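1. what follows is a predicted structure for the sequence shown.
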Amino acid sequence: MPDESRALDKQQPLELIPDFPYESRHEFVEELAYKLWAQRGRPLGSPEVDWFAAEQAVYASLVASGMIAPSPNDPQNMREKIYR
């Protein structure tokens, strides 16, 4: 049964609170990337996988909240909007 509870945890959407100042967005992405890495079993290498996933989640949360306008599906534009 523990495997089933892990599968359910992974299916639950991340609850992000987009009401944070610019300075803490980087910290928020960092903490979320660490959580995603831990959920993947703390594998060696490829930290950019979890960092990019964290940025995408924060970006989606900011867009959904109306704090930023969506940009083309370009990672550079996404990063500029998150961290500006």
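-> Yep, that arrived. Numbering: from 1, shown residues only.
2. give me the neighbour count for Ala57.
-> Neighbourhood size, Ala57 [other CB atoms under 10 Å]: 18. All C-beta spots, glycine's among them, are computed from the backbone N, C-alpha and C.
3. is it true that it touches Leu32?
-> Yes: using CB atoms under 8 Å, Ala57 makes contact with Leu32 at a distance of 6.3 Å.
4. state the helix or strand in which Val49 lies.
-> Element membership of Val49, judged by DSSP states H and E, is helix 47-65.
5. I should have written Pro43 there, sorry.
-> Per DSSP H and E: Pro43 is located in neither a helix nor a strand.
6. what's the distance between it and Val49?
-> Distance, Pro43 to Val49, by CB to CB, to the nearest Å: 9 Å.
7. ok, now Leu62?
-> Taken as CB to CB, the span from Leu62 to Val49 is 21 Å.
8. one more: His26?
-> Using CB to CB, His26 is found at 18 Å from Val49.
9. picking up where we left off before, for whichever helix or strand comes after the helix holding Val49, list the C-alpha coordinates in PDB.
-> Following helix 47-65 in sequence order, the next helix or strand is helix 75-83 (DSSP H and E). The C-alpha coordinates for helix 75-83 follow below in PDB (Å, rounded to 0.1, in the frame of the first residue of the first chain):
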ATOM      1  CA  PRO A  75      11.700  29.200 -21.600                       C
ATOM      2  CA  GLN A  76      13.700  32.500 -21.800                       C
ATOM      3  CA  ASN A  77      10.500  34.600 -21.800                       C
ATOM      4  CA  MET A  78       9.100  32.500 -19.000                       C
ATOM      5  CA  ARG A  79      12.100  33.100 -16.900                       C
ATOM      6  CA  GLU A  80      12.100  36.800 -17.600                       C
ATOM      7  CA  LYS A  81       8.500  37.100 -16.400                       C
ATOM      8  CA  ILE A  82       9.100  35.000 -13.300                       C
ATOM      9  CA  TYR A  83      12.200  36.800 -12.100                       C
END
